[in-house]
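> have a look at this prediction, sequence included:
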Amino acid sequence: MGTVMNERRFRLYSLFLAVCAAATIWVVGSGEATPHRDALWAQTGNETFDSDRGGSRLERETIYKYTKLLNDISYRIQSNYMDTIDTKDMVYSGIRGMLDVLDPFSVLMEQRRYDELMESTHGKYEGLGMQIDLREDTVTIIAPIEGTPAQRVGLQAGDRIIMIEGESTDGMTTEDAAKRMRGPAGTEIVITIKRTGMPEPLDYTVARAVIELKSVPYYGIIDDANSVGYLRLNKFSETTEDELEAALRDLNAQGTKSLIFDLRFNGGGLLDQAIKTADLFLEKDQLVVYTQGRDPESKRKFFSSEPPLWDPKSPLVVLVDGGTASASEIVSGAVQDWDRGLIVGNTTFGKGLVQQIFRLPETEDVALKLTTARYYAPSGRSIQKPSRATKHPRVNEEGEEIAEDDSLIIAERSEDVYYTNNGRKVYGGGGIVPDVLIERTLWKPLEINLWRQGKFFSFAVHYGASHANLPLDWWADDRVLDEFRKFLDNADFDYKTETQVELERMVESLQDDPERLAIYEDVIEQMRGLVVKEKEYSFGESGDLLKQEITRAILNQQHGERGVYESAVFRTDEYISRALQILTKSDEYAKLLTPSDKS
């Protein structure tokens, strides 16, 4: 009797879990909408959908039918599988399996990821105020945030955190370290760091505080002669509107006549903040974006609601690239479609999906991030890139996966032509195609690996230990480049060139044939010598870029983000240079905004 009751109880329990899991897909209630730091998406703001939009009666009966099947299979596994199965793991795997047939951005989020979303959305947390990462398996300070307790007590970029409250950080992940260092504002924590050039570890007692995460890391005048302003926005969080308004009012007070609005690497965020950002540039009551879900009646339009803070007659250039996504694409698409400004750079990411976050009532440690609609620019073109609409890779007729490098997609798509308010051609097919295209510079293997292994950052820490208080106009020269080379030799830096990779493949293919390997032995040794020479050549060929990145890293370490912008970025950034040319060269801006013949 007890066994029968247990079986019934388990069946009811399994059915309850399965129904709850399925119901979240077709019965959509009010959800919290929040952006993620890494995933590129924009959010609706606490929207409510009617529960009867989940499909017809037949659809609901079909879901119930297959929910019963899911319940039956889970029961049979739990009852008859040869080993003990964790029920939670099994059910979560089933849920992830359901989501796997949807788009890549509909996922089941663990508590940690949900907390990151909330933090990014609210733009604040309680802690010390510094960016950390693993460097050579040690928790290392990448940069203290300006105006935070970490900066005020003198913590520096490159400091290695070896203990937190007396506990060794050996083996800790950055997530573990961050969790230990956060806590209620006003409470104190002791961290022990090892600093390059200091013989003994240093203890710092730091009082936690509320840390504000800025959406606008920099703004200012970058061309005094022509009164050209520059404004960088790196995300759309709850504070974005206030930060942008303050920056634009200050730029207006300084007499700014034209503006470069930088949305590169901006992965998006809150939809309401995207609308409010467009408000600052568009005329009142202009369509910013609309959404369309499965139900034709679900179409929603979003309009600008206030007079623009930036003078409609003042030129505007928006910078975009392959990392410009979601909410950033909404803003740049609206600016382009209303001919309010020019879009300069590379075709954007193509993330045009409306998503909502649902806290599931049956559990405390997961949340569902679900795609509910698509975004469309005012001209009617979909922002979503088709290849982004599925988790599964594209394949050719032979079933081989088709590799895609979206960062290089800059070509116009003539088959998807739309028109702006004034009749200019714009192109659909996913992402925002710029009015002025800039060919991206492809980094060489040497340059990529120096960045990937954090060598510019490490050298900045090393160099700064013996060269403190460098002026803002400092620039790395050949002597510094030579010192960087020696630093790399001592750090055992290595990487593989394309030639080296092919050579290793060839040698591996010959391992099972000693006679052939012996035939090619001399050639292989000669090729290895050529690889060494290739690396020597590559270092010299990349000299200018290496000096630039060394300069950025060292200025950031000694002067912070503002120093990097004013002393390095504005001197070398080709996107900004092209924007300045458009804004300062006679009539070029007006000509680029002139409609072409629709025929």
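Right, received. Where do you want to start? Residues are numbered from 1 along each chain as shown.
> which positions in stretch 308-328 come out as buried?
308, 310, 314-328 (16 or more other C-beta atoms under 10 Å). C-beta here means a position set from N, CA and C on the backbone, and glycine is covered the same way.
> which of those fall within helices?
327-328 (DSSP state H).
> strands - which of the buried residues of stretch 308-328 land there?
When DSSP state E is applied, the buried residues of stretch 308-328 are split such that 316-320 fall in strands.
> which of those residues sits closest to residue 347?
Nearest to residue 347 among those, counting by C-beta to C-beta, is residue 320 at 8.1 Å.
> just the C-alpha atoms of stretch 477-496, please, in PDB.
Extracted C-alpha coordinates of stretch 477-496, given in PDB (Å, rounded to 0.1, in the frame of the first residue of the first chain):
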ATOM      1  CA  ASP A 477      58.100  54.500 -28.400                       C
ATOM      2  CA  ASP A 478      60.600  52.000 -29.900                       C
ATOM      3  CA  ARG A 479      62.500  51.800 -26.600                       C
ATOM      4  CA  VAL A 480      59.300  50.900 -24.700                       C
ATOM      5  CA  LEU A 481      58.400  48.400 -27.500                       C
ATOM      6  CA  ASP A 482      61.800  46.700 -27.000                       C
ATOM      7  CA  GLU A 483      61.200  46.500 -23.200                       C
ATOM      8  CA  PHE A 484      57.800  45.000 -24.000                       C
ATOM      9  CA  ARG A 485      59.500  42.300 -26.100                       C
ATOM     10  CA  LYS A 486      61.900  41.500 -23.300                       C
ATOM     11  CA  PHE A 487      59.000  41.300 -20.900                       C
ATOM     12  CA  LEU A 488      57.300  38.800 -23.200                       C
ATOM     13  CA  ASP A 489      60.400  36.600 -23.400                       C
ATOM     14  CA  ASN A 490      60.700  36.500 -19.600                       C
ATOM     15  CA  ALA A 491      56.900  35.700 -19.300                       C
ATOM     16  CA  ASP A 492      57.300  32.700 -21.700                       C
ATOM     17  CA  PHE A 493      54.800  34.200 -24.100                       C
ATOM     18  CA  ASP A 494      54.000  32.000 -27.100                       C
ATOM     19  CA  TYR A 495      51.400  31.600 -29.700                       C
ATOM     20  CA  LYS A 496      50.800  29.700 -32.900                       C
END
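> residue 383: what's it in contact with?
329-330, 333, 350-352, 374-377, 430-432 (C-beta atoms under 8 Å, 6 or more residues apart in numbering).
> for the stretch 151-300 of the chain, what spans make up the strands?
160-164, 167-168, 188-194, 202-207, 209-212, 218-223, 228-232, 258-262, 268-270, 287-292, 300-303 (DSSP state E, counting those that start in this stretch).
> again but with the stretch 1-150 of the chain, I slipped
Going by DSSP E, counting those that start in this stretch, the stretch 1-150 of the chain shows strands at 41-43, 107-110, 124-127, 130-135, 138-144.
> among those strands, show me which one is buried the most.
Across these, the average number of neighbours (mean count of other C-beta atoms under 10 Å) peaks for strand 41-43, which reaches a mean of 27.
> so what secondary structure elements neighbour the lengthiest strand in the chain?
When the chain is parsed with DSSP E, its longest strand is strand 366-376. In terms of contacts (3 or more C-beta pairs under 8 Å, 6 or more residues apart in numbering; DSSP states H and E), strand 366-376 is packed against helix 2-26, strand 107-110, helix 111-122, strand 287-292, strand 353-359.
> now do that strand: distance to the chain's middle.
Taking C-alpha atoms, centre = their mean, to the nearest Å, the mean C-alpha location of strand 366-376 is offset from the chain mean by 17 Å.
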